[in-house]
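A.B. asks: Dropping a prediction and its sequence here:
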Amino acid sequence: MGDSMRKTAAVTIGIMAALMVCPVLLSAQEEVKPVILLYHGPKVGDQDLRIYGQALAEVINADSRMKDKAEIVLVGDQDLMNTLLYFPQVKCVVVALTTWELVADRIVPSLAWYFNQGGAIVGMGNAGNGAVTKVLNGSVFPLFGNQYRMPDPAWFCKNSTTGELRPVPTPVCKAGEVRTSLRQTIYVKTTAHEITEGVADQFMVNDKRFVVHMNTTASPPAFLQLQPSKGTYADVYSDSQLGAPLVVVYEENGTSVTFAGTDQISVKPTDESYYETGFLGDANFKKLFQNAVYFAWSKEKKYTAAMDRAQDEFTKMEQEEEELKARVKESQKSEKSSKLMRSVLLIAVGVVLIVIISYFCFVIPARQRKGAAAQAPPETPAQKQA
Amino acid sequence: MRVDRSLIGVIGIAIVLSTLITLFIIGERAKEDVTILRNEFPAKLSAMEQKYAFVLSMIARKPLVDVTVKYNTLSRVLRENIGFIDPNETTGSTALETIMNIVKIKSLMDEAARIGAKVDMWNGTVKWKNATKTHDMDMYMYDFTDVMRASMPNYTVLDTTTTYVVWLNHTNGSVFYYFQGVPDYFYSRNRTIVDLTLTHNEDSKYYRAVSEIEVEGKYEQIMLAPLYGTVTFEDIKKDDRLFIIYSLKGTTVSNAYGMLQVVRVYRDAELETLEANYMTP
């Protein structure tokens, strides 16, 4: 391939003329709709996780409290997410890290910054996994997850007509029911909180794994409850078997709600309806997720300050540009007048030189010729005749 | 032989008049305000046990209030990793349609527009040489640095992707190369840049990587060099010479698919020239 490339000089002028700057100048901040950034992860093979993001966005939009309040921007690339996180209009962030996403290094620093600025984050899946979110695990997503936990299989009686599942201690079902064994995460309310309003005290989710902190030095490894050293921490729903937190609300500089589960993502979704028939189809989970987003959104402390600061910065940049232009104009003006002076001086010098040359080369010789003619003796008649 | 004085006079007046006219013509002649005398960069850049030098030298052709040079360093992204909104329609009917099909550029343009931020955009034709022939490429550059500066910590901007460049095939409008990168002399300057010197005539400022500073006070740390790869020279006189010279530690370089360095020179707040330096891996 080529080793160097540069633009041609001839083209430069045309190109410079084509320099475009978007002259968009919105002065009224109230016109700007706040943004919810929803990170759903990249495409994995032929698996487009955008449909996961769309399903989550639909759940948020279905909440009447959030309807038309925010613009939900779906992001599937960590580098883009990293850049977008610094935009001032971001009022809330939903980070759904799937089980495929084992490295989140590109967004960890920006998420930490965002949270410390007073931002609001809802984390799901691997967000609570310390191996993935590293420093965020404990400071933003306080699950301290170091392992996945798979709920033990349990017996259920499935209603043949409605499909409803009924947990039973023994595999004995009534007429019209079919017994079945399933792994289901059972959520048990541990603390009453704003985000638990309208959600059952106990419910099951068709979700087969969740992150948990296990004391691996113990034999056998046992669940160990950890909490951040500062901030307000509330474990609102726990797993029925271990008592491990499944949903945690945390308030420090920012506000976060972290879900330990949503592992259903590890199964290949067939179409857009996949998630609606899974954990997002569960009315309790759906409500809990909506409450979590709304709570984070309403507790957020960054948006107004960030928008004001950005507006100030834009004004400052504009002022600096104006000042520079004014200085340039002033300098061009003085350059113009000095140029005029130079021209006048040049013309004056030229005129003087021409006058001097004319004096010495034309006037003096003419005078000399005239003087010489005056001093010469008058012509004799013979000379005249000759 | 006696020469007629009037002849000398005519010649003298002719000389004076022609000198005056020449001086006026020189004074009014249209020319570049800042001329790039040297733009040196490594044509091949890869992790090697050597230093890579970058030199930019310029001369001012007239007095100027301000000459600003902006550097952007970008990496080429393979086509399969670009990320198109519609992967089946990667070539639109217009250049804008093609570019706005790239998820990252479209998303950032939308968000910048939402808050009324200014985005620096540039487009023009560039020459691309391969072993056998030179091709014309339509280059489109989108720089969101100023947008990000408004809400981001200063040093974070240096490691954030804020600049995107697309080269479109001149003949069929398809995406030839796509680059994304940062607004700085090079990536992770504290790790990669060994030394940086900014010179305005005899007046120089020296910056060094912390590991290279032997005598305290003689050099400043590289992190203190002007931010965002933006160097401003002020109060420029005619024939002033300006230099930006820096070198990279070869072992720290990572260039998998090719890199593009974009150098923009502004004089008195107006873009004077743009250099696009492509470096093969």
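C.D. replies: Structure's in. What do you need?
A.B. asks: residues contacting the closest residue to chain A within chain B?
C.D. replies: As assessed by Cβ to the nearest Cβ, chain A sits closest to residue B:9 within chain B, at 2.6 Å. In this view, the C-beta of every residue, glycine as well, is placed from N, C-alpha and C. Listed by Cβ atoms under 8 Å, 6 or more residues apart in numbering or on different chains, the contact set of residue B:9 reads A:357, A:358, A:360, A:361, A:362.
A.B. asks: shouldn't the fourth one be in contact with residue B:16?
C.D. replies: When you say that, I think you mean residue A:361. No. Assessed by Cβ atoms under 8 Å, residue A:361 is found out of contact with residue B:16, at 11.9 Å.
A.B. asks: thinking again about what came up before, can you tell me the helix or strand for the residue of chain B closest to chain A?
C.D. replies: For residue B:9, the host element (DSSP states H and E) is helix B:5-28.
A.B. asks: Give the next helix or strand downstream of that helix.
C.D. replies: Downstream of helix B:5-28, the first helix or strand assigned by DSSP H and E is strand B:34-40.
A.B. asks: which residues of the chain fall in helices?
C.D. replies: As the question left the chain open, I've gone with chain A. Along chain A, counting by DSSP state H, helices occupy A:9-17, A:50-61, A:78-84, A:108-116, A:130-133, A:136-139, A:274-277, A:283-299, A:303-358, A:364-375, A:381-385.
A.B. asks: Chain B is the one I meant
C.D. replies: Taking DSSP H as the criterion, chain B carries its helices at B:5-28, B:95-99, B:103-114, B:145-149, B:154-157, B:189-192.
A.B. asks: buried stuff in the last one?
C.D. replies: Translated: helix B:189-192. B:189, B:192 (16 or more other Cβ atoms under 10 Å in any protein chain shown).
A.B. asks: packing partners for it?
C.D. replies: Helix B:189-192 sits against no helix or strand, with contacts defined as 3 or more Cβ pairs under 8 Å, 6 or more residues apart in numbering or on different chains; DSSP states H and E.
A.B. asks: Quick one: low-confidence residue ranges for the stretch 1-150 of chain B.
C.D. replies: Scanning the stretch 1-150 of chain B for pLDDT under 70 picks out the ranges B:1-2, B:27-31.
A.B. asks: make it 90
C.D. replies: B:1-13, B:16-17, B:19-32, B:62, B:87, B:89, B:116, B:118, B:126-136, B:150 (pLDDT under 90).
A.B. asks: Would you point to the one among the helices of chain B that's packed deepest?
C.D. replies: helix B:145-149 (a mean of 23; mean count of other Cβ atoms under 10 Å in any protein chain shown).
A.B. asks: For that one, C-alpha coordinates in CSV please.
C.D. replies: Provided in CSV are the C-alpha atoms of helix B:145-149 (Å, rounded to 0.1, in the frame of the first residue of the first chain):
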residue,chain,number,x,y,z
THR,B,145,-13.4,17.6,20.5
ASP,B,146,-14.9,21.0,21.3
VAL,B,147,-18.2,19.4,22.1
MET,B,148,-16.5,17.0,24.5
ARG,B,149,-14.3,19.7,26.1
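A.B. asks: Quickly check: it near chain A or not.
C.D. replies: Yes. Applying Cβ under 8 Å from any Cβ of the partner chain, one finds that helix B:145-149 is in contact with chain A at B:146, B:147, B:148, B:149.
A.B. asks: what's that helix packed up against?
C.D. replies: Counting by 3+ Cβ pairs under 8 Å, 6+ apart, helix B:145-149 packs on helix A:303-358, helix B:154-157.
A.B. asks: could the ones you listed be laid out in CSV, adding mean pLDDT?
C.D. replies: CSV is the format used below for these (pLDDT from 0 to 100):
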stretch, mean pLDDT
helix A:303-358, 90
helix B:154-157, 88
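A.B. asks: As CSV, those helices with distance to residue A:38 would be great.
C.D. replies: Formatted as CSV, the helices and strands packed on helix B:145-149 follow (distance: least, Cβ to Cβ, whole Å):
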stretch, distance to residue A:38
helix A:303-358, 16
helix B:154-157, 22
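A.B. asks: so who does the residue in chain A that chain B sits nearest to touch?
C.D. replies: Chain B sits closest to residue A:361 of chain A, with a gap of 2.6 Å, by Cβ to the nearest Cβ. Applying Cβ under 8 Å, 6+ apart to residue A:361 gives the contacts B:5, B:6, B:8, B:9, B:10, B:12.
A.B. asks: what do you get for residue A:252?
C.D. replies: Residue A:252 sits next to A:115, A:139, A:228, A:230, A:231, A:232 when contact means Cβ under 8 Å, 6+ apart.
A.B. asks: Could I get the contacting residues of the fourth one?
C.D. replies: When contacts are counted by Cβ under 8 Å, 6+ apart, residue A:230 is found next to residue A:252.
A.B. asks: quick one: pLDDT of it?
C.D. replies: With respect to pLDDT, residue A:230 scores 94.
A.B. asks: and the stretch 251-386 of chain A, which residues reach chain B?
C.D. replies: Near chain B, when you scan the stretch 251-386 of chain A using Cβ under 8 Å from any Cβ, you find A:306-307, A:309-310, A:313-314, A:317, A:321, A:324-325, A:327-328, A:331, A:335, A:339, A:342-343, A:346-347, A:350, A:353-354, A:357-358, A:360-362, A:364-365.
A.B. asks: From these, list just the buried residues.
C.D. replies: Taking 16+ other Cβ under 10 Å as the criterion, what is buried in these is A:306-307, A:310, A:313-314, A:324, A:328, A:331, A:350, A:353-354, A:357-358, A:361-362.
A.B. asks: where does the stretch 151-281 of chain B come near chain A, residue by residue?
C.D. replies: The stretch 151-281 of chain B comes close to chain A at residues B:151-153, B:156, B:160-162, B:180, B:258, B:268-278, B:280, as judged by Cβ under 8 Å from any Cβ.
A.B. asks: Show me where the stretch 1-150 of chain A has its strands.
C.D. replies: Assigned by DSSP state E, counting those that start in this stretch, the strands in the stretch 1-150 of chain A fall at A:20-21, A:35-39, A:71-75, A:90-97, A:120-125, A:147-149.
A.B. asks: need these in JSON lines with distance to residue B:171 and mean pLDDT, can you?
C.D. replies: Shown next, in JSON lines, are the strands of the stretch 1-150 of chain A (distance: least, Cβ to Cβ, whole Å; pLDDT from 0 to 100):
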{"stretch": "strand A:20-21", "distance to residue B:171": "24", "mean pLDDT": "38"}
{"stretch": "strand A:35-39", "distance to residue B:171": "38", "mean pLDDT": "97"}
{"stretch": "strand A:71-75", "distance to residue B:171": "34", "mean pLDDT": "96"}
{"stretch": "strand A:90-97", "distance to residue B:171": "41", "mean pLDDT": "96"}
{"stretch": "strand A:120-125", "distance to residue B:171": "46", "mean pLDDT": "96"}
{"stretch": "strand A:147-149", "distance to residue B:171": "53", "mean pLDDT": "90"}
